[in-house]
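> this one's structure only:
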C-alpha cells in the first residue's frame, strides 16, 4: 500500500464555519484520521465571495490540508467528504514527493489572513487613498 502526500482544498459553508470554526476544522481532521491519514498541515486559506452560488451559498471559507494517506483509502475518504453538509466543494491533488517538504514548509509559514471579506474593500480603499496622496505630493513617479 503506497502512502502518498495529497493537497486537499475545501470550500466550507461560511455560516457554519463562522459559528464553530474549531468544530468544522476538527471534523475534517477526524475524518482524515479515521481513514488512516496523517495530517501534515491544516490551516485556513481565506474566506471569499464565490463566483456563483454553490449549494445555495454565495460565500465560502477555503481550508487547506496537506496529508499522507494510503491511496486505497482515498475513495472512501472522498465519499465521507461528499456527504458532509459543511463541505461545499473539495479537491485532492497528489503531490510529487520531490516538492512535499517545500510545500509543507510554505503552508506552515504563510500568514493566516487577517482581513475579513467585509473589511477588504475598506482596506483596499485606504491603500488607494495613500497612493493617491503620494502621487499628489510627487513622491511616486
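Received the coordinates, thanks. What you see is a predicted model, and the numbers here were worked out from it, not measured in a lab.
> Quick check: the gap between the residue nearest the centre of the chain and residue 97.
Among the residues of the chain, the one closest to the centroid is residue 63, at 2.4 Å (Cα atoms, centre = their mean). Going from residue 63 to residue 97 by Cβ to Cβ, to the nearest Å gives 24 Å. Using the backbone N, CA and C atoms, a C-beta is placed for each residue, glycine as well.
> With residue 46 instead?
Taken as Cβ to Cβ, the span from residue 46 to residue 97 is 27 Å.
> List the buried residues of the particular helix or strand that has residue 100 in it.
Using DSSP states H and E, residue 100 falls within helix 100-109. Residues 100, 103, 104, 107 are the ones in helix 100-109 that count as buried (16 or more other Cβ atoms under 10 Å).
> who touches it?
5, 7, 40, 41, 43, 64, 66, 95 (Cβ atoms under 8 Å, 6 or more residues apart in numbering).
> helices and strands around the one helix or strand residue 51 maps to, which ones?
Assignment of secondary structure by DSSP H and E places residue 51 within strand 38-54. Where contact means 3 or more Cβ pairs under 8 Å, 6 or more residues apart in numbering; DSSP states H and E, strand 38-54 is packed against strand 3-13, helix 21-34, strand 57-70, helix 100-109.
> right, and the ones you listed - which one's nearest residue 87?
strand 3-13 (5.6 Å; Cβ to Cβ).
> could you check the angle helix 21-34 makes with the closest one?
Between strand 3-13 and helix 21-34, the angle comes out at 150 degrees (axes from the mean of the first three to the mean of the last three Cα atoms, to 10 degrees).
> Mind checking the pLDDT average for strand 3-13?
In this model, strand 3-13 has a mean pLDDT of 96.
> Tell me which strands that strand pairs with, and in which orientation.
For strand 3-13, the paired strands and their directions (DSSP bridges) read strand 57-70 (antiparallel), strand 87-94 (antiparallel).
> Helix or strand next in line after it, which one?
Counting by DSSP H and E, what follows strand 3-13 is helix 14-19.
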